[in-house]
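**Student:** Next one to model:
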Amino acid sequence: MSIKDKLLAQRIYLTLAGLFICSLVVSNLIFQKFFYWYPFGDATIFGAKLFEISVGIIPYPITFLVTDIISEIYGKKKANQIVTTGIFASVFSLGIVYIANYVPAIENSPINNETFTKVFGQTALAVLASMLAYLAAQYVDIQIYHFWKKLTNGKMLWLRNNFSTITSQAVDTLSVLLLLCYFKILPWHLFGKLFISGFAFKTFIALIDTPFLYLIVYLFRKKFNLKPNEELQIDN
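**Tutor:** Predicted coordinates:
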């Protein structure tokens with residue numbers, strides 16, 4: 001690979017990492033607002049309407065698409081690297097929010113102390129719950145992705161993309177809801193409904209993003225002349 005191509009590959013990796021970290025941090029900050037989206041009309045699964053979910057779930061699937069892209073093109077080490085960086089970014093943002101919550105607002109502040117605390121006051125426990133669930137889910141995603149990649153010798157991209165994402169999203173959804181209910185951020189009676197709706201939404205998105213993954217991987221392989229199952233080396 002030429003120096004020019006290597007620099008381009010590094011810039012793309014940094015852009016993907018920035019998109020990943022931004023999506024992760026934002027999802028942790030906005031999670032307390034819930035909304036509905038009914039693309040299937042009045043369809044339900046075990047009484048849960050499709051879909052009633054947190055707005056925090058909107059950027060979250062992007063993180064799994066990005067890790068699959070990086071896993072496929074840059075390798076397992078680079079995928080794990082941005083997961084670790086994302087955890088650091090979440091902790092750092094949590095520290096900033098924590099300090100901002102305790103700084104007193106002036107009398108004419110558009111957002112007073114009570115409003116700010118209502119929105120961000122539970123962020124510490126929420127981000128902790130989200131990070132623990134996310135950490136487990138992302139590492140599960142990467143491990144399963146590379147297991148199937150090795151087993152199929154780099155073939156059947158759709159299989160490792162969907163199998164790894166759907167499995168890891170089940171881990172994430174189950175873990176974060178258990179922790180949020182345990183810390184009494186959410187009532188237990190919403191657990192089943194939110195799990196079904198959240199997991200169904202993530203599965204739906206995972207299926208939708210498969211063509212995009214194929215397109216992106218195709219463009220990468222064409223640009224950098226990569227053979228099937230070959231990964232970019234940008235550290236040396």
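
**Student:** okay, CA-based contacts and neighbour counts for the rest of this
**Tutor:** Fine.

**Student:** quick one: strands adjacent to the lowest-mean-pLDDT helix or strand in the chain?
**Tutor:** In the chain, the helix or strand scored least confidently by mean pLDDT, DSSP states H and E is strand 48-49, which has a mean of 72. Taking DSSP bridges as the criterion, strand 48-49 forms sheet pairs with strand 44-45 (antiparallel).

**Student:** returning to what we had before: next SSE after the least confident helix or strand of the chain?
**Tutor:** strand 52-54 (DSSP states H and E).

**Student:** who does that next one pair up with?
**Tutor:** Under the criterion DSSP bridges, strand 52-54 sits next to strand 34-36 (antiparallel) in its sheet.

**Student:** dump the residue contacts of V103.
**Tutor:** Counting by Cα atoms under 8 Å, 6 or more residues apart in numbering, V103 makes contact with nothing.

**Student:** mind redoing it with 10 Å?
**Tutor:** N113 (Cα atoms under 10 Å, 6 or more residues apart in numbering).

**Student:** and what of Y36?
**Tutor:** For Y36, the contact set (Cα under 10 Å, 6+ apart) comprises K49, L50, F51, E52, I53, S54, V55.

**Student:** cool, T210 as well?
**Tutor:** L65, L157, W158, L159, N161, N162, I216.

**Student:** Tell me if it really is in a helix.
**Tutor:** Yes: counting by DSSP: H, G, I helix; E, B strand; the rest coil, T210 is part of a helix.

**Student:** Could you tell me how far it is located from C181?
**Tutor:** Counting by Cα to Cα, to the nearest Å, the gap from T210 to C181 is 32 Å.

**Student:** what about the helices in this protein?
**Tutor:** 3-30, 60-73, 76-102, 113-120, 123-151, 157-182, 191-224 (DSSP state H).

**Student:** between those helices, which gets the lowest average pLDDT?
**Tutor:** Note on the helices of the chain: helix 123-151 shows the lowest mean pLDDT, a mean of 76.

**Student:** Could you check the pLDDT of the residue of the chain most remote from its centre?
**Tutor:** For the chain, the residue at maximal distance from the C-alpha centroid (Cα atoms, centre = their mean) is E107, at 38.0 Å. For E107, the pLDDT comes out at 89.

**Student:** OK, contacts around it?
**Tutor:** E107 neighbours (Cα under 10 Å, 6+ apart): N113.

**Student:** Now do it against K202, distance only.
**Tutor:** E107 sits at a distance of 43 Å from K202 (criterion: Cα to Cα).

**Student:** what's the nearest residue to L207 once chain neighbours are set aside in contact with, if anything?
**Tutor:** Closest residue to L207 apart from its sequence neighbours, by Cα to Cα, 6 or more residues apart in numbering: N162 at 6.6 Å. The contact partners of N162, by Cα under 10 Å, 6+ apart, come to D68, D141, Y145, S168, T203, I205, A206, L207, I208, D209, T210.
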